[in-house]
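**Student:** Would you be able to build a 3D model of this:
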Amino acid sequence: MLEFISQPWPWYVAGPIIGLMVPALLYAVGKPLGVSSSLRHTCAATFPGRSEYFKYDWKTQGGWNLTFVLGIFAGGIVAGTFLGGGDSVAISMATRADLSAIGLTDFSGYIPVELLSWSALGSLPGFICLVLGGFLVGFGARYAGGCTSGHAISGLANFQLPSLIAVLGFFAGGMLITYFVLPYLI
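**Tutor:** Numbering: from 1, shown residues only. From the prediction side, this is the model:
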C-alpha cells in the first residue's frame, strides 16, 4: 500500500478525488473549498482588532479553514518525509530546453531553485519572484474573491461565471508572466 501511495497518481484517479472534495466539504461544513481566506483568519487570530477588516469572530467563520490549511501543511511534510519526493519532476525535454535557454537548469525539485529559494532572495530576480510575486498573488486572490483552488475547483463546479472569468485571468496572467516577464528576470 505504501508503494502505491508514494507514486504519482494518474489524472483519472487524482482528479476525481479532488473533485469529490467539493461536495464533501460542502456537506461536512457547508463551505466551499478554498484557501486564500485563511490569511484573513490567521491575521484576525494573530492580531485581533488591528484593523476593521480583522474585527470579526474568526473562530466561528474560519476555524475549519485554518484546520484545513494546517492539514495541507502537515500532509506536505508527511508526503515529503515518508513518501519520497526526492525524484526529479517529469518534465519534457522540450520544456527543459526552453527553461535552460532562459537560465533555469536545476530540475531536481518542484520549483526552480534559481528563483525560488532562500539563496535566491538576495538577488533582484529572486526578490521580484518571491516578494513582489507573492504580494501580487495574495492581493490578486483577495481581489478576485478567492484563490485558484477556490475558483477553479469550487466555483467552476458550481457553474459560477465569476469563477470562470477568474480562472481565465489566472491562466492568462501565468502565460503572460511566463513568456514576457520570466525570460527577462534571469
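**Student:** Nearest spatial neighbour of Trp64, chain-adjacent residues omitted?
**Tutor:** Closest residue in space to Trp64, ignoring its immediate chain neighbours: Val29 at 4.8 Å, by C-beta to C-beta, 6 or more residues apart in numbering. All C-beta spots, glycine's among them, are computed from the backbone N, C-alpha and C.
**Student:** That neighbour: neighbouring residues, count only.
**Tutor:** 13 (other C-beta atoms under 10 Å).
**Student:** ditto for the one 4 residues further on
**Tutor:** Leu33 is surrounded by 22 other residues when neighbours are defined as other C-beta under 10 Å.
**Student:** Likewise for Cys147?
**Tutor:** Cys147 has 23 nearby residues by other C-beta under 10 Å.
**Student:** My read is that it contacts Val35, right?
**Tutor:** Yes: taking contacts as C-beta atoms under 8 Å, Cys147 lies within contact range of Val35: 5.4 Å.
**Student:** does Phe127 count as helix, strand or coil?
**Tutor:** helix (DSSP: H, G, I helix; E, B strand; the rest coil).
**Student:** Could I get the contacting residues of it?
**Tutor:** Leu121 (C-beta atoms under 8 Å, 6 or more residues apart in numbering).
**Student:** 10 Å instead?
**Tutor:** Leu115, Ala120, Leu121, Gly133 (C-beta atoms under 10 Å, 6 or more residues apart in numbering).
**Student:** Next, the contact list for the residue nearest to Trp64, please.
**Tutor:** Gly63, Trp64, Asn65, Thr67, Phe68.
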